[in-house]
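>>> quick one, structure for this:
(4 chains)
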There are 2 protein chains.
Amino acid sequence: MPNLGATTAGQDAAALFAALGDPTRLSLLTALSDGHPSSIAGLSGGTELTRQAVTKHLTVLEKAGLVESMKVGRESHYSFRRDRIDIMRAYLDGVSRQWDDALERLRAFVER
Amino acid sequence: MPNLGATTAGQDAAALFAALGDPTRLSLLTALSDGHPSSIAGLSGGTELTRQAVTKHLTVLEKAGLVESMKVGRESHYSFRRDRIDIMRAYLDGVSRQWDDALERLRAFVER
DNA sequence: GAGAAAGGCAACTTTTCGGTTGCCTTTCTC
DNA sequence: GAGAAAGGCAACCGAAAAGTTGCCTTTCTC
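Residues are numbered from 1 along each chain as shown, chains lettered A, B, ... in the order given. Model prediction:
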């Protein structure tokens, strides 16, 4: 009965959430969220991860649009894309608002 | 240099995001977010998925705390937990606020 | 009480994911 | 210009995830 044929918006949101659904990627994003664009070497330094592992995670984040990269000389500088965070927050707002509305309808129905 | 040793809060948030990072689960959650607790049969009806597949997804959602179940006769009724959505929104707020702060510091530095 | 509806349990297959290793190219820097 | 630093590319590995099938139990309902 409910529409389970994942909507387009749902697909997008799922891709974003999936990108965030890994502790390492979330750490990378947090590291980038301080505003300093960082190189791959800079981000993998101080970790037990190999440079390639970090590269893969950054690629996932970039494909999800949460991060963007720019070549600077021999380095790749990654930076945070704030607008995408807003998209997800909007999605979560939508879900919880829908929930609020449902509670409201339920209350109205019960009190009638 | 940056702290990549995934924080506790980050771990929690990652688990929540991971639970949402699948189109099917996101659809299930959206279906539940209208406030009607639904049975497994009700949720899998109208999908190409088997009942067991839906059950697995619901288990994932329940372990992540996004959903709770209650036995009613021979049925299991699943419902949405709104408070967990708030946790994720708080995380996203934190990330984007940090970003805002960084921009503010940058602006202050440039204008000095 | 018999058949059907709802679902739990467990084994199994296939795909994806996180990660590593090895090698090659590009760009610095002395 | 030679060596080092930064990183791209591709093959490979092990574990987890997504989904299926088959069978058994519980609860309705006629």
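>>> please make it C-alpha for all contacts and neighbour counts, starting now.
Will do.
>>> ok, which stretches of chain A are strands?
Counting by DSSP state E, chain A has these strands, from start to end: A:67-72, A:75-80.
>>> reformat these as JSON lines; add distance to B:Ser79, mean pLDDT and mean neighbour count.
Shown next, in JSON lines, are the strands of chain A (distance: least, C-alpha to C-alpha, whole Å; pLDDT from 0 to 100; neighbours: other C-alpha atoms under 10 Å in any protein chain shown):
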{"stretch": "strand A:67-72", "distance to B:Ser79": "34", "mean pLDDT": "94", "mean neighbour count": "15"}
{"stretch": "strand A:75-80", "distance to B:Ser79": "35", "mean pLDDT": "94", "mean neighbour count": "20"}
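>>> now render those strands as TSV, adding distance to B:Thr30.
What follows is the strands of chain A, written out as TSV (distance: least, C-alpha to C-alpha, whole Å):
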stretch	distance to B:Thr30
strand A:67-72	27
strand A:75-80	28
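>>> any idea how many residues pack against A:Lys56?
Around A:Lys56 there are 12 other residues, counting by other C-alpha atoms under 10 Å in any protein chain shown.
>>> confidence score at it?
Note on A:Lys56: pLDDT of 97.
>>> hmm, stretch A:48-67 in reach of chain B?
No. Stretch A:48-67 is not in contact with chain B by C-alpha under 8 Å from any C-alpha of the partner chain; minimum separation 9.1 Å.
>>> which parts of that stretch are buried?
A:Val54, A:His57, A:Leu58, A:Thr59, A:Val60, A:Leu61, A:Glu62, A:Ala64, A:Gly65, A:Leu66, A:Val67 (16 or more other C-alpha atoms under 10 Å in any protein chain shown).
>>> the fifth one against A:Ala18, yeah?
No. Counting by C-alpha atoms under 8 Å, no contact exists between A:Val60 and A:Ala18, whose distance comes to 9.4 Å.
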